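Trainee: task: produce atomic coordinates for the following.
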Amino acid sequence: MYIGSIDQGTTSTRFIIFDKQGNQISVGQKEHAQIYPHAGWVEHDTNEIWQNTQEVIGLALGKANLSVSDIAAVGITNQRETTVVWNRHTGKPYYNALVWQDTRVGNMVAELAKEGGADRFRATTGLPLATYFSGLKIVWLLENVEGLRADAEKGDAIFGNMDTFIIWHLTGGIEGGIHITDVTNASRTQLMDLKTLAWDDEILQTLNIPKAMLPEIKSSSEVYGEARGVLAGVPVAGDLGDQQAALVGQTCFAQGEAKNTYGTGCFMLMNTGTKITPSNYGLLTTVAYQFGNQPVNYALEGSVAITGALVQWLRDNLGIIEKSSDVETLANSVEDNGGCYFVPAFSGLYAPYWKSDARGVIVGLTRYVNKAHIARAALEATAYQTLEVLEAMEKDSEIEISSLRVDGGMVVNETLMQFQSDMVEVPVVCPAMIETTALGAAYAAGLAVGYWKDLDDLKQNWGIANTWKPTMETEKRNKLHHFWKKAVSRSFDWEE
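Mentor: Now for the predicted structure:
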């Protein structure tokens with residue numbers, strides 16, 4: 001028997017099948033369109049995503065020559081904060097999904113901050129006011145889609161992040177689909193109270209969001225129901241937001257253990273155990289996971305909006321590389337960044353700055369700088385942003401990180417990983433299985449059905465593929481960091 005994992009990401013949807021040792025048996029993957037109706041607006045077609053989800057399940061099963069009866073359970077992990085509202089009777093979305101990177105609610109953030117400041121909901125939700133979270137995206141849909149508010153008041157229009165949308169469809173859709181989310185995804189809406197793990201009536205009232213729209217909040221690992229259609233009969237038993245799933249996939253179950261995922265953006269999470277750790281240094285306090293009826297574990301998170309997406313931008317918008325993997329070769333054709341720094345604040349800056357008025361800048365340009373220096377500066381930007389998050393994390397948690405566990409698509413870039421280790425001055429450790437996000441969702445589902453006995457079972461699966469150790473002289477490191485901070489300050493207050 002195997003465990004299936006649906007990984008509904010920002011750029012693609014995958015179905016990965018894992019065995020008991022946490023090895024990948026088979027994968028099916030399909031990209032979906034990125035829709036940019038205006039500057040700062042990012043949307044997805046949820047019908048396309050649901051279609052792709054069904055196709056990749058078939059693809060992965062076919063490749064491995066497996067049938068549905070070989071799958072003991074399925075887990076779901078998803079791009080968090082991405083917001084969709086659909087009709088429970090027709091299954092049709094009222095509008096495209098508003099993606100986590102979408103900044104159209106910037107004015108709402110400013111309005112809400114006038115009364116009570118950027119931290120007005122932070123004590124309850126662990127989150128500052130930002131364009132990032134789902135709550136204000138729901139408000140935008142309610143205010144801008146004709147007829148939606150009336151349907152929402154009646155309970156006909158329902159909201160979900162992508163996990164909720166997929167689970168609803170997977171368990172029957174208009175014919176009895178289950179409308180649920182888990183504590184990790186709920187904690188990213190800015191509508192859930194971290195202490196009670198319930199929707200907060202006061203915030204719902206402030207934002208004028210009908211409670212009838214919201215899914216029921218469950219743990220991250222329990223049998224929610226049975227799949228219909230393409231996975232008919234398989235228990236749907238795990239649900240984790242993608243970054244929390246990676247934390248679980250990296251088996252960071254002890255307080256103080258941290259991982260960084262290098263994807264479209266970069267997300268570092270540190271397990272803070274069963275206590276809520278408020279942040280004074282620009283991080284988010286969030287739910288790490290909850291397995292069944294065990295106590296919930298919390299985390300500190302530093303989110304960086306643009307990392308891997310910057311490499312795609314060099315490829316698609318500037319055309320200086322043909323494929324993403326070319327960035328390393330180009331960056332290595334020069335010795336250093338030539339004095340050039342690239343701050344990719346395309347949708348504002350996330351942790352630890354939280355400045356939605358920042359925009360991207362390339363600074364330090366001279367006649368000497370060429371496209372290779374720009375490629376190198378783009379890679380280095382990822383490492384600098386990670387360094388700033390790690391420093392904030394150490395201050396907030398009062399725990400010094402002794403090594404950094406890494407995963408995600410960019411870890412194959414040796415140049416970046418070595419520079420990352422030089423910047424954070426601790427070893428950077430990459431596990432043998434880098435698909436930790438999908439693996440985390442598989443672990444949650446497998447635990448729920450007894451496929452894995454306990455957390456020790458999971459820890460035994462974790463093996464190291466690569467370790468990078470710091471080699472840069474401190475003086476050089478400090479100089480680079482100094483100019484990076486100078487560059488970041490130049491990106492502030494651009495939007496008016």
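
Trainee: would you map the helices across the stretch 101-250 of the chain?
Mentor: For the stretch 101-250 of the chain, the helices defined by DSSP state H, counting those that start in this stretch cover 106-114, 122-125, 134-144, 148-154, 162-170, 183-186, 201-207, 242-249.

Trainee: for the fifth one, packing partners?
Mentor: It refers to helix 162-170. strand 2-8, helix 46-63, strand 71-78, strand 84-87, strand 180-182, strand 235-241 (3 or more CB pairs under 8 Å, 6 or more residues apart in numbering; DSSP states H and E). In short, each C-beta sits where N, CA and C put it, glycine included.

Trainee: and it, average pLDDT?
Mentor: The average of the pLDDT scores along helix 162-170 is 97.

Trainee: what number of residues lie near L141?
Mentor: Counted with other CB atoms under 10 Å, residues neighbouring L141 total 24.

Trainee: likewise for S397?
Mentor: Neighbourhood size, S397 [other CB under 10 Å]: 22.

Trainee: my guess is it meets L269, correct?
Mentor: No: assessed by CB atoms under 8 Å, S397 is found out of contact with L269, at 11.4 Å.

Trainee: joint contacts of those two?
Mentor: Listed as contacting both S397 and L269 by CB atoms under 8 Å, 6 or more residues apart in numbering are L300.

Trainee: hmm, back to that, distance to Q101 added to the helices and strands packed on helix 162-170, as JSON lines?
Mentor: As requested, those are exported to JSON lines (distance: least, CB to CB, whole Å):
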{"stretch": "strand 2-8", "distance to Q101": "15"}
{"stretch": "helix 46-63", "distance to Q101": "16"}
{"stretch": "strand 71-78", "distance to Q101": "15"}
{"stretch": "strand 84-87", "distance to Q101": "15"}
{"stretch": "strand 180-182", "distance to Q101": "20"}
{"stretch": "strand 235-241", "distance to Q101": "15"}
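
Trainee: which of the ones you listed sits closest to L314?
Mentor: Taking CB to CB, strand 2-8 is the member of the helices and strands packed on helix 162-170 nearest to L314, at 25.0 Å.

Trainee: okay, now the sheet partners of the closest one, with direction.
Mentor: The strands that strand 2-8 pairs with in its sheet are strand 12-18 (antiparallel), strand 71-78 (parallel) (by DSSP bridges).

Trainee: please identify the most buried of these.
Mentor: Highest mean neighbour count among these (mean count of other CB atoms under 10 Å): strand 71-78, with a mean of 28.

Trainee: that one: how far from the chain's middle?
Mentor: Going by CA atoms, centre = their mean, to the nearest Å, the spacing between the C-alpha centre of strand 71-78 and its chain's C-alpha centre is 17 Å.

Trainee: count the residues that sit near G91.
Mentor: A count of nearby residues for G91, using other CB under 10 Å, gives 16.

Trainee: what helix or strand does it sit in?
Mentor: G91 is part of no helix or strand, with elements assigned from DSSP states H and E.

Trainee: next up, the contacts around the closest residue to K195 other than its chain neighbours.
Mentor: Leaving aside its sequence neighbours, K195 sits nearest to I276 (CB to CB, 6 or more residues apart in numbering; 6.9 Å). Each residue near I276 by CB under 8 Å, 6+ apart is listed here: G126, L194, K195, T285, Y298.

Trainee: list phi and psi for I276.
Mentor: For I276, the backbone dihedrals are phi -80, psi 120 (criterion: degrees, to the nearest 10).
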